[in-house]
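Trainee: Sharing a model prediction with you, sequence too.
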There are 4 protein chains.
Amino acid sequence: MARSLPNEIIITDNRKFRRVVRTPGADFVNLPSGSVSIRQLAEIGVGGMFAINGKRYYVLECDTYDLVMKGIRRDTQIIYPKDAGYILLRLDVFPGKRVGEAGTGSGGLTLIMARAVGRSGRVYTYEKNLSLAGTIRKNLAPAEEFENVCLYNTPVEEGINESGLDAFFLDVRDPAEALGPVYNALKPGGHLGVLVPTSNQMTRLLWALRDYPFIITEAVEIFLRTYKTNPSRFRPEDRMVGHTGYLLFARALQDTAHAESEQE
Amino acid sequence: MARSLPNEIIITDNRKFRRVVRTPGADFVNLPSGSVSIRQLAEIGVGGMFAINGKRYYVLECDTYDLVMKGIRRDTQIIYPKDAGYILLRLDVFPGKRVGEAGTGSGGLTLIMARAVGRSGRVYTYEKNLSLAGTIRKNLAPAEEFENVCLYNTPVEEGINESGLDAFFLDVRDPAEALGPVYNALKPGGHLGVLVPTSNQMTRLLWALRDYPFIITEAVEIFLRTYKTNPSRFRPEDRMVGHTGYLLFARALQDTAHAESEQE
Amino acid sequence: MARSLPNEIIITDNRKFRRVVRTPGADFVNLPSGSVSIRQLAEIGVGGMFAINGKRYYVLECDTYDLVMKGIRRDTQIIYPKDAGYILLRLDVFPGKRVGEAGTGSGGLTLIMARAVGRSGRVYTYEKNLSLAGTIRKNLAPAEEFENVCLYNTPVEEGINESGLDAFFLDVRDPAEALGPVYNALKPGGHLGVLVPTSNQMTRLLWALRDYPFIITEAVEIFLRTYKTNPSRFRPEDRMVGHTGYLLFARALQDTAHAESEQE
Amino acid sequence: MARSLPNEIIITDNRKFRRVVRTPGADFVNLPSGSVSIRQLAEIGVGGMFAINGKRYYVLECDTYDLVMKGIRRDTQIIYPKDAGYILLRLDVFPGKRVGEAGTGSGGLTLIMARAVGRSGRVYTYEKNLSLAGTIRKNLAPAEEFENVCLYNTPVEEGINESGLDAFFLDVRDPAEALGPVYNALKPGGHLGVLVPTSNQMTRLLWALRDYPFIITEAVEIFLRTYKTNPSRFRPEDRMVGHTGYLLFARALQDTAHAESEQE
């Protein structure tokens, strides 16, 4: 008897090969050593193993990490999981929260935040590059839960439609220009997060923040080093990612709180 | 007119001083430069600023990060946010998920996972050290939402009451001993996460995993480096955390998938 | 029979205690658990062990690393061995080389470079802060070989007396201001090294370098992480140095080579 | 008038292209965009620039770093400069020192140590893999100063011909097996350095060291992160080396010092 498969599964050889498969509407999946039918995959089931021409594959439910790393089309640099996980915590992106984001890029962080806030929450995401709209919609399509995402194809600098947001994340070229609209969209005490690749951008951002009622809580960078998992030769991999970006976190104050601060 | 305050707030001078205050039942808060009443804090409101004897403080809603870093009593080493954020992503801990954990320790990760799975999810946490029970209950008390946490004061090695869990996280001295019960508690394709401080523990764990139907997806370590935020002198802090632990992630296979694997 | 002791020895408990002792002229050494005479130390000899009131100590010849880390008076931030070792290699500071340096600071790198170039080489070091002169002279005093060091109490920006130097290292607040004199002091192909703590300084330096006939070979930062050496619990130390400085390396071109480059 | 060229020069476009050229006996050098004669290079001189078919090249004296990174044939994993520089400092490898090494590998560290000890010093290097002998001899050939290197094609475990050495560096598969011969070859207080790629090797080494009169001074690992040098976009490179090896440093005690230690 065939078990039912999730809408998205991942097929992997647990080495280099990892492929996300959207099962509805698909008939066959082409793999490096041959092909397998969706019906066969349903019989194998999640957590199952199969072999084609002597090569083994495993069937797993596609989780959010898999989706972002292997299941979405990347037309821009994505925000890496090492950064995204910390962003979730630092911006307090949990069920029911209303959070904003600009730019959407390929939608990787959008997808992660949409999962994190759940059906009772909401993600408002701004992307000025119109050519990305198709990619984003495709990347956010897989699951119905992403109906909690609202995508605007407008520059965040031109204004944010929401107010009283719990948090806002900026991944744009010049985040300083967006600080006014973002401040207005946040509730008092709301969280601001920013990623910038260069120290020059960070310097400009730190200067610009002095003109707005925010207090900076942290500037960080995160390194992730992977290890080989041979138990008799436990050691780090030879190469690693050297840089993705610098992260800045701040919290919005009441407007009057900052005005007093200015009198110093 | 007094605004209403959240149950937990954080009062900070945005330098070294950060204190979490539970507002229900409290009258006054003692701060380094004097004291302030809860009634005054309510008038100031979240995002507001006040000064006592020339020293400024800010009132912020206490978020999950603040709670774990400053609001809980630490009777054990906690899992740091740099690791916790990545664990959430890697174990796919999102709204509605049913996840397990051992040992609870001071309950920092428990609290984060409880927030992440939300009211529709569930966290089952095992701690064999009875003397920690009081600390954990106190740390998990702040918000009613933590009714989604179920705490067992039993060693995880003696068995797990649940089955079909989406994920399980191990932070115990000898995780190899818990692999059997954890495997049985996980659904096929379910996520395993482990933190160990030493390379010797990781080596033993990697050997032990060979006896169970898991595939290892990643072994990593995460570094977080904080920066000074003076825009004219942007540079990392002089000191940083050098190590918390090694993280291992794996996924449970069907029992038969592993049996076949054994025939190699 | 008493063995002869080197002029500088180090006495250590191989834990936290490490003390450099200059033996000529000394009679007794006070240690945490009591005192020991130089005559006794001479009988124990280098590589020997002794105990005072149940606490053990080891006698070792004081090497260059020990001298810089424990044997010199630090009136300024020193250049750490993790950086100094790489600087030696990158500036090709080997026996017989003539190298320059500014500012001298406490003289740690001066001492290392003086050892590296040996009797046939020469180190010219510039320090404008007159109050450091005493410290530097004291720090460089221990061994006669430091007669290969020439100390100038003048700002490097005001000019360098030497020419045709093999390498020059800058550890001053605004290295851009010293580029002209340093270029003139270097031979064609000579090595430039710079350490700056902030990214803003590095940015200014990179702009300034465009006006001089140098080619940049590398900008780096170096992390050193120490490990606990318990064989059954091999793991990194909890804390580490997060930052000392950014290092830049370049090589001087002939003046005409740069002029042509300008025509682009 | 032709200037004289050093025996080894490096020709670089200051981007990816870097080639070490041994000038004696050579007539022409083939470069990506054409060829240049040694006579022309001599006219251009060190620090000079030339262009072939619109592509620019720079002529520099080949320093020790260039030689190790680009000028030697690599039949084995070399010891990286980030590690080699620190090894020089930690083993106190300075002019006049007598140091040992095993295994020689491709001879990169041999060459660096030979330069560091100079004509008055000596490097004794052991390599059991006979097939490497040709590579090593070729790699050490460039400069007459390497006559201070003595190469043995024998396993270090079978014995070391020297005694009273100032330092010894081990880069062999199982350094524990070499500890006896190395201890006997070192003077009291002499320096031991070891590089091992895996944590398992380090654990075995730490256990083995307990049987010998050494005190461990440090176990470390070193990270080097390179930066892009565009002054308006100062940021780390996307990728970096994640691991080369763990380094251990120790110092030899007198035999009796350890014997007493055993009585604990």
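Mentor: That came in fine, so what should we check first?
Trainee: Just the element for the residue in the stretch 101-250 of chain A that chain B sits nearest to, please.
Mentor: Nearest to chain B, among the residues of the stretch 101-250 of chain A, is A:P188, at 2.7 Å (C-beta to the nearest C-beta). Where C-beta positions appear, they are placed from N, C-alpha and C, glycine not excepted. A:P188 is part of strand A:186-196 when elements are defined by DSSP states H and E.
Trainee: Which neighbours in the sheet does that strand have, and how are they oriented?
Mentor: According to DSSP bridges, strand A:186-196 has the following sheet partners: strand A:165-170 (parallel), strand A:246-252 (antiparallel).
Trainee: Please spell out which residues along that strand are buried.
Mentor: Neighbour counts using 16 or more other C-beta atoms under 10 Å in any protein chain shown place A:L186, A:K187, A:P188, A:G189, A:G190, A:H191, A:L192, A:G193, A:V194, A:L195, A:V196 of strand A:186-196 among the buried residues.
Trainee: cool, stretch A:147-156 as well?
Mentor: A:N148, A:V149, A:L151, A:Y152, A:P155, A:V156.
Trainee: Closest to B:A208 out of the residues you listed?
Mentor: A:N148 (40.5 Å; C-beta to C-beta).
Trainee: Looks like that closest one contacts A:V123 (just checking).
Mentor: Yes - the pair A:N148 and A:V123 passes the contact test of C-beta atoms under 8 Å, sitting 6.2 Å apart.
Trainee: Give me the next element, helix or strand, following the strand holding A:P188.
Mentor: Note on strand A:186-196: by DSSP H and E, the next helix or strand toward the C-terminus is helix A:199-209.
Trainee: and after that next one, which helix or strand comes next?
Mentor: strand A:214-228.
Trainee: Count residues in the vicinity of the nearest residue to A:G190 once chain neighbours are set aside, would you?
Mentor: Counting by C-beta to C-beta, 6 or more residues apart in numbering or on different chains, A:G190 lies nearest to A:A252, which is 4.6 Å off, once chain neighbours are set aside. Neighbourhood size, A:A252 [other C-beta atoms under 10 Å in any protein chain shown]: 28.
Trainee: Who is A:A252 paired with across the strands?
Mentor: Applying DSSP bridges, one finds that A:A252 bridges with A:F214.
Trainee: How about the secondary structure of A:A51?
Mentor: Classification of A:A51 by DSSP: H, G, I helix; E, B strand; the rest coil places it in strand.
Trainee: Mind pulling the model confidence for A:H258?
Mentor: With respect to pLDDT, A:H258 scores 68.
Trainee: from chain A, which residue is nearest to chain C?
Mentor: Counting by C-beta to the nearest C-beta, chain A gets nearest to chain C through A:S199 (3.7 Å).
Trainee: Give me the distance between that residue and C:D63.
Mentor: In this view, A:S199 and C:D63 are 37 Å apart by C-beta to C-beta, to the nearest Å.
Trainee: And the two? Which one has more around it.
Mentor: Per other C-beta under 10 Å, whichever of A:S199 and C:D63 has more neighbours is C:D63, with 26 against 23.
Trainee: got the contact list for the residue nearest to A:G190?
Mentor: A:Y183, A:L186, A:K187, A:P188, A:G189, A:G190, A:H191, A:L192, A:P213, A:F214, B:G47 (C-beta atoms under 8 Å, 6 or more residues apart in numbering or on different chains).
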